[in-house]
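**Student:** Test case, fold it:
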Amino acid sequence: MSSTKSRYLIGALAGVLVAGTAMAAAGLTAADRTSPQPSGAAAAASAASNFGPPPGAPMSFADIFERVSPAVVSINVTTRVDVSRMPRQIPGLPFEFRPPRQGGDEDGEGEGPRGPRRQSAGSGFFITADGYLVTNAHVIEDAESIKVVLKDETELDATVVGRDEGTDIAVLKVKGSGYTFVNFENSARPRVGDWVLTVGNPYNLGGTATAGIVSAYGRDIGELFVDYIQLDAPINRGNSGGPTFDTYGRVIGVNTAIFSPTGGSVGIGFAVPAEVAARVSRQLIANGKVVRGYIGATIQDFDEDMAAAQGMAGQKAAIVTELIPGGPAERAGLVIGDIVLSVNGVRVRSSSEMTRQVAKASPGDLLRLEIIRGGKPRTVEIRSGVRPPEAQLAGGPGGPNGATPGPGRPGPSAGQSLLGMTVAPLDDAGRRRAGLPADARGLLVSSVERSSDAAERGLQANDILLRAGDRALAAPADLAAVVDQARKAGRPSVLVAVWRGGRTIFLPIKIAD
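**Tutor:** Numbering: from 1, shown residues only. Below you'll find the predicted structure:
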């Protein structure tokens, strides 16, 4: 779980947390009326007879619930606890112990002891009459058996068709046909403030309905492939995987997470939008897995500070920090430092938005990237590849030559002072410490002034500066020229590419007065 997402509850072993979404009809309207006001008993009778919600608010969700609730199911999951992975603490001992392995050979090979079964619960819903259901991937994680419970309390065994951890969507299948199902709404989008209804299995209380409104769109809670819908319909443990409906009974989201300091609903929930859930579900049913587009580039946010350093005030985009050797992006001519403005005409304002647009492509699709390079607009066309598993990508390349750099010793102190750093041309010793190839060029940072913006940004000794602005660095004079050019242009900072620990990151460093 990422540091960003650690604040969110994305499903527990015993039930899961949720978010609702909604799409509804019109907003509230108000009309001023002037008329004589009754008094006393007449006033009370008038108030009772005239009470009702304003236009746009439903009198009741009962009709919707009756129509859609047969399609919503409770999902009961049995998992087996691996006792060998459970640390134990004995009072009085300053360390943990683990029980001895059982069932293996003398070298410890083989399966660990099988612990007790554990029950957990979530929600789901039918999307076809012949038994395909959608739920959250985390609801059925490590499942030994899965039971689907219908509204009439019929229990059915379910099998996993496919799981996609990237969107937390999974598809199950039960035998039989003629099931009541619901449809994803992909064409219309509810407005913020529109009514929604969620149905699910909170705390094993199956068939529970709650209502609320759409609170916001485009919420980023640490996942690459989903812009979440935020809603305030009460959702709790066990609601995960259940649907959120608009006032027409169409599914506009799959409840996935809540933000909560207590573990219960505080009115901030998140749902996977219907468009994402529908696309993923179709792929899982067809192929058992999701295939995403890939260009072989590492990117980061190009924020307002970076934009100011490049004379692009107010611009938000993504910037290329690394390229996989021989990957689709490198073959197409994308280079480190390119600023990506759009993918296939869709504006990208962050690295996450770019990743999502690329991931939507099928292998072989042509991706048209509008970029800025050297201050000038360009277009790069890249033929999409297949995105590797997330675990493989998380491992990282280590370095351009596959080496993993060690800490080494601080570089030589001799050099030129620029931007609050003492820098010198990268030598062979510095290349070896950093795991860079013999022909790599750059500036080795030997020291950083404590009071400088460079220190504030986290620069430290042994960092390597590869680029500044649009210029590759080989000597301190290169960096000095970029600083002088930025100062004459009235820019507040210089954008530098920093190599550390096998990764490149761009940082805007302020120019001292």
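
**Student:** Could you report the separation of the nearest residue to Thr208 once chain neighbours are set aside from Gly385?
**Tutor:** In space, and not counting its chain neighbours, Thr208 is closest to Pro202: 5.4 Å by C-beta to C-beta, 6 or more residues apart in numbering. Heads up, the C-betas are built off the backbone N, CA and C, glycines and all. According to C-beta to C-beta, to the nearest Å, Pro202 stands 42 Å off from Gly385.

**Student:** Please say which of the two ends up with more neighbours.
**Tutor:** Using other C-beta atoms under 10 Å as the criterion, Pro202 and Gly385 rank with Pro202 on top: 26 against 21.

**Student:** Surely that one and Gly241 touch.
**Tutor:** No - counting by C-beta atoms under 8 Å, Gly241 is not a contact partner of Pro202; they are 11.6 Å apart.

**Student:** Give the phi and psi angles for the residue positioned nearest the centre of the chain, as a check.
**Tutor:** Here the mean C-alpha position of the chain is nearest to the C-alpha of Glu223 (C-alpha atoms, centre = their mean), at a distance of 1.1 Å. Here is the backbone geometry of Glu223 (degrees, to the nearest 10): phi -100, psi 140.

**Student:** pLDDT weak spots in the chain?
**Tutor:** 1-57, 81-115, 262-263, 391, 394-414, 513 (pLDDT under 70).

**Student:** and the residue lying closest to Val340 once chain neighbours are set aside, how many residues sit next to it?
**Tutor:** Leaving out its chain neighbours, the residue that sits closest to Val340 by C-beta to C-beta, 6+ apart is Ala318, at 4.6 Å. Ala318 has 27 neighbouring residues, counting by other C-beta under 10 Å.

**Student:** Show me what Ala318 is bridged to.
**Tutor:** Asp301, Val340 (DSSP bridges).

**Student:** what residues are up against it?
**Tutor:** 299-302, 339-340, 348, 350-351, 353-354 (C-beta atoms under 8 Å, 6 or more residues apart in numbering).

**Student:** PyMOL command for the buried members of these?
**Tutor:** Only the buried entries of the contacts of Ala318 go into this PyMOL selection, using 16 or more other C-beta atoms under 10 Å:
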select buried, resi 299+300+301+302+339+340+348+350+351+353+354
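
**Student:** which one of the contacts of Ala318 is nearest Ser177?
**Tutor:** Nearest to Ser177 among these: Glu353, at 40.7 Å, using C-beta to C-beta.

**Student:** that's a strand at that closest one, yeah?
**Tutor:** No - note on Glu353: no strand contains this position according to DSSP: H, G, I helix; E, B strand; the rest coil, which reports helix.

**Student:** how close does the residue lying closest to it once chain neighbours are set aside sit to Glu165?
**Tutor:** In space, not counting the residues next to it along the chain, Glu353 is nearest to Ala318; the distance is 7.4 Å by C-beta to C-beta, 6+ apart. The gap separating Ala318 from Glu165 is 23 Å, by C-beta to C-beta.

**Student:** go on, Asp232?
**Tutor:** Per C-beta to C-beta, Asp232 is found 27 Å from Glu165.

**Student:** more crowded one of the two?
**Tutor:** Set side by side, Asp232 and Glu165 show more neighbours around Asp232, with 21 against 16, by other C-beta under 10 Å.

**Student:** show me what contacts that one?
**Tutor:** By C-beta under 8 Å, 6+ apart, the contact set of Asp232 is 20, 212-213, 215, 267-269.

**Student:** Measure how buried Thr210 is and give me the count.
**Tutor:** 23.

**Student:** Can I get the helix or strand hosting it in PDB? Just the C-alpha atoms.
**Tutor:** Assigned by DSSP states H and E, Thr210 falls within strand 208-219. The C-alpha trace of strand 208-219 is given here as PDB (Å, rounded to 0.1, in the frame of the first residue of the first chain):
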ATOM      1  CA  THR A 208     -28.900  -2.800   3.000                       C
ATOM      2  CA  ALA A 209     -29.700   0.400   1.100                       C
ATOM      3  CA  THR A 210     -28.200   3.900   1.800                       C
ATOM      4  CA  ALA A 211     -28.600   7.100  -0.100                       C
ATOM      5  CA  GLY A 212     -26.500  10.300  -0.600                       C
ATOM      6  CA  ILE A 213     -25.000  12.500  -3.300                       C
ATOM      7  CA  VAL A 214     -22.000  12.600  -5.600                       C
ATOM      8  CA  SER A 215     -19.500  14.700  -3.600                       C
ATOM      9  CA  ALA A 216     -16.600  15.100  -6.200                       C
ATOM     10  CA  TYR A 217     -14.900  13.600  -9.200                       C
ATOM     11  CA  GLY A 218     -11.300  12.800 -10.000                       C
ATOM     12  CA  ARG A 219     -10.100  11.800  -6.600                       C
END
